[in-house]
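A.B. asks: Structure of the sequence below:
(one chain, ligands or ions: 1)
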Amino acid sequence: MVKNITNATTDSVVVIDKLTYAGNLESLAPVTNNARYAFEQVDICDCMALDRVFADYQPDKGMHLAAESYVDRSIDGPAAFIETNVLGIYTMLEAARHYWQPMIAKKKLGLRFQHILTEPIAPINMALITP
Ligand SMILES: NC(=O)c1ccc[n+]([C@@H]2O[C@H](COP(=O)([O-])OP(=O)(O)OC[C@H]3O[C@@H](n4cnc5c(N)ncnc54)[C@H](O)[C@@H]3O)[C@@H](O)[C@H]2O)c1
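C.D. replies: Take a look at the predicted model:
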């Protein structure tokens, strides 16, 4: 996805990833030297770190893909799933709101935040983003 965005558009991309067992920086090797790409090793449950990333890069689009996604691991250690897939989503939305709220109305209209998730907590996510 990062490769496609940097190849097909003039947009810049900032990847936020904690680099858990599932993270792999090798997959970003093709864009490592691209001036429109940046990487931040940040936990999506760390709101202060996310606030700093939003403030530093001033994005106009956000995509949230970080997840604990391996079902077998959820049986052995469910706490990590609650933390990343519930607290992490809440924290990302909070940081996005901190960034969005003080903006002037015209700039607010152009911002988008998209959450990509197939885990069965989608109803919780919808409850958080539905006014
Ligand atoms: N892979 C697919 O085919 C597919 C299809 C549809 C939807 N999805 C959804 O897209 C999302 C991502 O899928 P994936 O296959 O890339 O998952 P994955 O488990 O392979 O990778 C998740 C990434 O999130 C990072 N991460 C985990 N916890 C984090 C945290 N606390 N803070 C920051 N980063 C963290 C990991 O380091 C890793 O790079 C999931 O929600 C999945 O349900 C995936």
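
A.B. asks: Going by neighbour count, list what's buried in stretch 55-71.
C.D. replies: For stretch 55-71, the buried set under the neighbour-count rule, 16 or more other Cβ atoms under 10 Å, comprises 59, 62, 64, 66-68. All C-beta atoms are positioned from the backbone trio N, CA, C, and that covers glycine.

A.B. asks: Most distant residue from the centre of the chain?
C.D. replies: Distance from the C-alpha centroid of the chain peaks at D76, with 25.2 Å (Cα atoms, centre = their mean).

A.B. asks: between the buried residues of stretch 55-71, which is nearest R52?
C.D. replies: P59 (12.8 Å; Cβ to Cβ).

A.B. asks: The buried residues of stretch 55-71: which ones sit near the ligand?
C.D. replies: The residues of the buried residues of stretch 55-71 that also fall near the ligand, by Cβ under 6 Å from any ligand atom, are 66-67.
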